[in-house]
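Colleague: 3D, please:
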Amino acid sequence: MLIQEFVDKFHHGKEEKAYFPHMNDKNDYSEDIRKFLIEHELGRRIASMLTQNLKAWDSGFDSREPVARFLNAYSVFISAHTGEEDVFFDLVEEKGRLF
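Modeller: From the prediction side, this is the model:
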């Protein structure tokens, strides 16, 4: 729930609604924006599979292994993704041309 509600709506949602639409038409950034949008979808899919397995576990099905696997996958994903975004936004700030 935390991943789907907080991370998706406040982290990914903020970027997709506030930053990316203003930057997507700038040739310097369009490929990076496309990559981040694809990564956001990957994060949503991992979170969805995690939620499905948590619900199955709550219903009595032993899905500890897939839950652990998806938690690990999301941890690896979000660490790499936010690291790449930090580098990207630092570069944009350096250039002084966010919008």
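Colleague: pretty sure I33 is touching M23, no?
Modeller: Yes - at 5.8 Å, I33 counts as touching M23 under the criterion of Cβ atoms under 8 Å. Yep, even glycine has a C-beta here, placed from its N, CA and C like the rest.
Colleague: Spatially central, which residue of the protein would that be?
Modeller: Centroid-nearest residue in the chain, with Cα atoms, centre = their mean: H40, separated by 3.7 Å.
Colleague: which phi and psi does it have?
Modeller: Phi and psi for H40, reported as degrees, to the nearest 10, are phi -60, psi -40.
Colleague: ok, for it, nearest residue in space, not its chain neighbours?
Modeller: Distances taken as Cβ to Cβ, 6 or more residues apart in numbering place H12 nearest to H40, at 4.4 Å, with adjacent residues excluded.
Colleague: Before we move on, what's the pLDDT of the one you found?
Modeller: We have a pLDDT of 80 for H12.
Colleague: residues near it, how many?
Modeller: Neighbourhood size, H12 [other Cβ atoms under 10 Å]: 19.
Colleague: Let me know the secondary structure of it.
Modeller: helix (DSSP: H, G, I helix; E, B strand; the rest coil).
Colleague: all helices of this structure, in order?
Modeller: For the chain, applying DSSP state H gives helices covering 2, 13-14, 20-23, 30-58, 64-95.
Colleague: Relative to the whole chain's centre, how far out is the first one?
Modeller: Using Cα atoms, centre = their mean, to the nearest Å, the distance from the centre of helix 2 to the centre of the chain it belongs to is 13 Å.
Colleague: What's the mean pLDDT across it?
Modeller: Average pLDDT, helix 2: 72.
Colleague: What of stretch 55-67?
Modeller: 95.
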